[in-house]
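K.L.:
Sequence and predicted structure below; questions after.
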Amino acid sequence: MFSHLSLFIVFKKFLVVFSGYSKINLMAKQGMISDLTALLASLEGRIYKNYKKILGSWSCREWTLFIDHVQSSCESSPSRMRMRVPQLTAGFPLKVISTKDASVALGDYLLRKWESFSKKVSRRAGSGKSGLFYAEPCGPEILERSSVYFDPRFVELRFRYGLPSVGNRIAPENLIQALSHAFPKIVSRILTWTSLDETEVMNFIHCYQDQEALRGEIMKKGYVAFIPDDAVLPRIDSNNPHPLPEAVRFISPPSLRQTFLLPHKGPISGMALPQGVTVITGGGFHGKTTLLNAVKTGIYNHVPGDGREYIVSDVSLFKINTEEGRTANGIDISPYIHDLPFGKGSTFFSSTQCSGSTSQAASVVESIRMGCRLLLFDEDSSAANFMYCDPVMDSLIGEKNRTITPFLETVRDLWESFRVSSIMVTGSSSYYLQTADKVLKMSDYRIEDATEEAQKSIRNQPQVLSKKLLASSFTSPRWIDSDRFRIRKRKAPFQTRVLSPREIQIGSMIVDFSDNEQICDMGQVRTIHTLILKFEEHVFKKRISFEKAVLQLFDSFFIKGIHDFLSEEGGFVPIRPIDFAHVMNRLRLLQIRE
């Protein structure tokens, strides 16, 4: 017969609900803000772990503070909190918060306001992170963020705060003062509609909605990218995403100019790149890579004034870079790598140390398998032997020793047979001109349509071979060895954590995805980290292919939404299935059955 203690333990385990990082805390309290103030005062001078007593929800007439997680020390990651304001006080228009596009844009706008305001109300008081508010930093992309949540009944801001102490002793005075000054200001300055500049907010929302509509229009009409006239493409530098002052503004070639009608902005004109094969060429430092980078960022909507707002691209695009040393797991790279020495096959290729060419071959196949319809290449970040082989060198190597079919020979068939478009930057190989539907030439950051000129210049050039690709390389199932994919479900579970905007640690393994140029926000990395753990649950003891497992996981993600699927914690940003698969394919724990 169970004792009362054992029954309580069983009941407690039953109530624990995993959702990302959050759990139901059975010790959480409820009370008024005045109760919290009194409790904090009683904790003064006690050791830091006593801060756990303030876990819970604390209310006043206009807002409620949820303290969901208390840091273990003043040097640890700050404590997680949520401020909830009822709509009767917040007053956000229902027509705004009930519309997906508008609520995403409004949430992003509020978080930017909070990021700026948090610096003003932070008051360092004591050791470590004491007294500091932490907001998620926002880049130029407008993103759906879990840090702001709208409900018809309330609006909620999620953030971190450093609980104040001196050494290991609680010093609550700063937090007590914040409860009567800083926290109410968060409500009155950020979380009420009347405190905002309505014209500015609606312009921000309309800019986002117009970009969404424009992206849908170009894809519907058979274009892969659109760059408006007067756009500012260059950035200050690789670490500063702000537009370069006095940059040459973009002007579309007349032959590629199209005009679209947007819901709020009205007509907009610019360069519309058609599906197929596009080559960008020109001299060094004349803007080829800058143009490609602009296309790459077009999967996201940008804030007004960024210079790249209204640059939109096919949402499935992926830039293929060389990744020497990456891991590959059971991938068919035979379209590009074949007839290896000593009879080694390439239809089920695995390696923990890929070369430049094998890494790009694997990335191309993996991307297409995940639904990519637009591949981007830059010769500066590509393996030369993967991209092309000139006729003289090809003849010298000989057919018998030819183990690499360069991308040059497959780019036409990818488009004609699989409807996968490509945009390539090259200034060194004229052979890609034979494969191109459009050739763009950059000069002093100005662009011209050089298609006819290019066709004339290659009339006497030896013909490029075109290889027919097998559909099976992109469609045959890659069965997961679910018995060996263990992170938490093992005797000694792996510890996992986000290390940086480009790295996740799982046990002793570091997963480096710095070559994925589409991931733009730290919140996306947190999402990937959480989804890896959910992926383990999803495939546990199942016979399922890798791509199907990823898509099923994301079906649940998209249906439930970021707030319900992940957790009540702020700091998460949605990620595309192709980017999640990109990280998973570099995880050595993932094993594919032959």
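P.N.:
Nice, I can see it. Numbering: from 1, shown residues only.

K.L.:
pull the helix or strand with minimum mean pLDDT from the chain.
P.N.:
One helix or strand of the chain scores below all others by mean pLDDT, DSSP states H and E: helix 4-15, with a mean of 37.

K.L.:
Next SSE downstream of it?
P.N.:
strand 29-32 (DSSP states H and E).

K.L.:
Now that following strand: average pLDDT?
P.N.:
Throughout strand 29-32, pLDDT has a mean value of 93.

K.L.:
Run the chain-centre distance for that strand.
P.N.:
37 Å (C-alpha atoms, centre = their mean, to the nearest Å).

K.L.:
helices or strands up against it?
P.N.:
strand 56-59 (3 or more C-beta pairs under 8 Å, 6 or more residues apart in numbering; DSSP states H and E). All C-beta spots, glycine's among them, are computed from the backbone N, C-alpha and C.

K.L.:
Mind listing residues that contact the strand it packs on?
P.N.:
Surrounding strand 56-59, the residues in contact under the criterion C-beta atoms under 8 Å, 6 or more residues apart in numbering are 25, 28-33, 35-36, 64-67.

K.L.:
What of stretch 349-363?
P.N.:
318, 320-333, 335-337, 382-383, 385-386, 404, 407, 582, 585, 588, 592.

K.L.:
Give the buried residues for it.
P.N.:
349, 351, 354, 355, 356, 357, 358, 359, 360, 361, 362, 363 (16 or more other C-beta atoms under 10 Å).

K.L.:
Then stretch 474-483?
P.N.:
474, 478, 479, 480, 482.

K.L.:
Looking at the residues you listed, which are in strands?
P.N.:
Here DSSP state E is the test, and the buried residues of stretch 474-483 give 479, 480 as lying in strands.

K.L.:
Turn the buried residues of stretch 474-483 into a markdown table, including distance to residue 312 and pLDDT.
P.N.:
Formatted as a markdown table, the buried residues of stretch 474-483 follow (distance: C-beta to C-beta, whole Å; pLDDT from 0 to 100):
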| residue | distance to residue 312 | pLDDT |
| --- | --- | --- |
| 474 | 26 | 95 |
| 478 | 32 | 96 |
| 479 | 37 | 96 |
| 480 | 35 | 96 |
| 482 | 38 | 89 |
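
K.L.:
Which of the buried residues of stretch 474-483 lies at the shortest distance from residue 50?
P.N.:
Checking the buried residues of stretch 474-483 against residue 50 with C-beta to C-beta, the nearest one is residue 482 at 43.6 Å.

K.L.:
any idea how far the closest one is from residue 591?
P.N.:
For residue 482, the distance to residue 591 (C-beta to C-beta, to the nearest Å) stands at 9 Å.

K.L.:
just residue 201 next, same as before
P.N.:
From residue 201 over to residue 591 (counting by C-beta to C-beta), the distance is 49 Å.

K.L.:
Equivalent analysis for residue 294, please.
P.N.:
With C-beta to C-beta as the criterion, residue 294 and residue 591 are 39 Å apart.

K.L.:
So these two - more neighbours on which side?
P.N.:
residue 294 (22 against 17; other C-beta atoms under 10 Å).

K.L.:
what about residue 83, helix or strand, and which?
P.N.:
When elements are assigned from DSSP H and E, residue 83 belongs to strand 79-86.

K.L.:
Who does that strand pair with, and is each partner parallel or antiparallel?
P.N.:
Here strand 79-86 has these sheet partners by DSSP bridges: strand 64-69 (antiparallel), strand 154-161 (antiparallel).

K.L.:
Mind putting those strands into a markdown table with mean pLDDT?
P.N.:
Listed next are these as a markdown table, based on pLDDT from 0 to 100:
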| stretch | mean pLDDT |
| --- | --- |
| strand 64-69 | 97 |
| strand 154-161 | 97 |
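
K.L.:
Most tightly packed of those?
P.N.:
Using mean count of other C-beta atoms under 10 Å, the stretch among those with the largest mean neighbour count is strand 154-161, at a mean of 24.

K.L.:
still on that earlier bit, reformat the contacts of strand 56-59 as CSV; add distance to residue 268.
P.N.:
What follows is the contacts of strand 56-59, written out as CSV (distance: C-beta to C-beta, whole Å):
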residue, distance to residue 268
25, 50
28, 51
29, 54
30, 52
31, 54
32, 53
33, 49
35, 55
36, 51
64, 43
65, 44
66, 43
67, 47
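
K.L.:
Residue 103 is nearest to which of the strands paired with strand 79-86?
P.N.:
Once these are compared by C-beta to C-beta, strand 154-161 is nearest, at 10.0 Å.

K.L.:
so what strands line up beside the helix or strand just after the closest one?
P.N.:
Moving toward the C-terminus from strand 154-161, the next helix or strand (DSSP H and E) is strand 165-166. Sheet pairing here is set by DSSP bridges, and for strand 165-166 it gives strand 169-170 (antiparallel).

K.L.:
Which residues does the partner strand contact?
P.N.:
Contacts for strand 169-170 (C-beta under 8 Å, 6+ apart): 43, 44, 45, 46, 47, 48, 50, 51, 163, 164.

K.L.:
Counting neighbours, what do you get for the last one?
P.N.:
By that I understand residue 164. 27.

K.L.:
swap in the first one?
P.N.:
Applying other C-beta under 10 Å, we find 17 residues neighbouring residue 43.

K.L.:
Just to check, it is in contact with residue 50?
P.N.:
Yes - with contact defined as C-beta atoms under 8 Å, residue 43 reaches residue 50; the gap is 5.3 Å.

K.L.:
correct me, but residue 476 touches residue 332?
P.N.:
Yes - if you go by C-beta under 8 Å, residue 476 and residue 332 touch, sitting 6.8 Å apart.

K.L.:
rewinding a little: please list the members of the contacts of stretch 349-363 that lie in helices.
P.N.:
385, 386, 582 (DSSP state H).

K.L.:
what's the spacing between the residue nearest to residue 274 when sequence neighbours are not counted and residue 441?
P.N.:
Leaving out its chain neighbours, the residue that sits closest to residue 274 by C-beta to C-beta, 6 or more residues apart in numbering is residue 223, at 5.8 Å. Look at residue 223 and residue 441: by C-beta to C-beta, they are 20 Å apart.

K.L.:
Low-confidence bits of the stretch 151-300 of the chain, can you list those?
P.N.:
Within the stretch 151-300 of the chain, the set of residues satisfying pLDDT under 70 is empty.

K.L.:
ok, which stretches of it are strands?
P.N.:
Assigned strands in the stretch 151-300 of the chain, in chain order: 154-161, 165-166, 169-170, 223-228, 235-237, 240-243, 257-262, 266-274, 277-282 (criterion: DSSP state E, counting those that start in this stretch).
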